[in-house]
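*Asks:* mind folding the following:
(2 chains)
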Amino acid sequence: GAVVSQHPSWVICKSGTSVKIECRSLDFQATTMFWYRQFPKQSLMLMATSNEGSKATYEQGVEKDKFLINHASLTLSTLTVTSAHPEDSSFYICRLGVGETQYFGPGTRLLVL
Amino acid sequence: SQKIEQNSEALNIQEGKTATLTCNYTNYSPAYLQWYRQDPGRGPVFLLLIRENEKEKRKERLKVTFDTTLKQSLFHITASQPADSATYLCALDTGGSQGNLIFGKGTKLSVKP
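*Replies:* Predicted coordinates:
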């Protein structure tokens, strides 16, 4: 099955800095990748749909200028949290699909101090 | 709005017993429903998919039922083992070419030896 990696697995940063998270598909070319955020004891919340070669589609309430998504190739999508604040601390997970089967990345834990 | 509920936040059972987890949804008629396993600090792992025209699906010790009249899915783990301890998420397909999914908050299963 498809293998999805994320880098970094965890990151601690100061408030106001920007953090880039990478999501790579290791054996599958994905025209679409999905980015989720998960707070403790909460469900995964879809943030945006990343489309290769075009602009991402953001869910209602997600600031596109704060969460920059770039899907420059069929195997890589990046999420940049700009000017991060403590409330952005969360678990960020990417997903890609192979038909009706979905594969998630291992997640990136972000802590903003 | 679409709503998906996993009734129990936590479920504790004895090794060898059958664990039954519940997923209820409202305001939607999904084409399929999925179940995932999530371990702490990790991304979800796909377990089973059941379509709207299927009443039951099995995979090894796992069994999923889907009642579109009750708008409910049950997830069973038979002969449970301590290694089955994890959080289990149900997810509904909301349509779209890539299968957008909405997730429940999950049920944390603990299997005691």
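*Asks:* please make it C-alpha for all contacts and neighbour counts, starting now.
*Replies:* Fine.
*Asks:* residues contacting the helix or strand hosting residue A:22, please?
*Replies:* Following DSSP states H and E, one finds residue A:22 within strand A:19-25. Outside strand A:19-25, the residues that touch it by CA atoms under 8 Å, 6 or more residues apart in numbering or on different chains are A:2-8, A:13, A:75-82, A:84, A:94, A:96, A:105, A:108.
*Asks:* ChimeraX command to pick out the buried ones of those residues?
*Replies:* The following ChimeraX line selects those of the contacts of strand A:19-25 that are buried, judged by 16 or more other CA atoms under 10 Å in any protein chain shown:
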select /A:4,5,6,7,8,13,75,76,77,78,79,80,81,82,84,94,96,105,108
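*Asks:* which ones among the contacts of strand A:19-25 lie within strands?
*Replies:* Of the contacts of strand A:19-25, the ones assigned to strands by DSSP state E are A:4-7, A:13, A:76-81, A:94, A:96, A:108.
*Asks:* so how many other residues sit close to residue 62?
*Replies:* Went with chain A since none was named. 13 (other CA atoms under 10 Å in any protein chain shown).
*Asks:* was after chain B, sorry
*Replies:* 17.
*Asks:* also the one 3 residues further on?
*Replies:* Here the neighbour count serves as a burial measure; for residue B:65 (other CA under 10 Å) it reads 19.
*Asks:* residue contacts, residue A:26?
*Replies:* Residues near residue A:26 by CA under 8 Å, 6+ apart: A:2, A:3, A:4, A:5, A:75.
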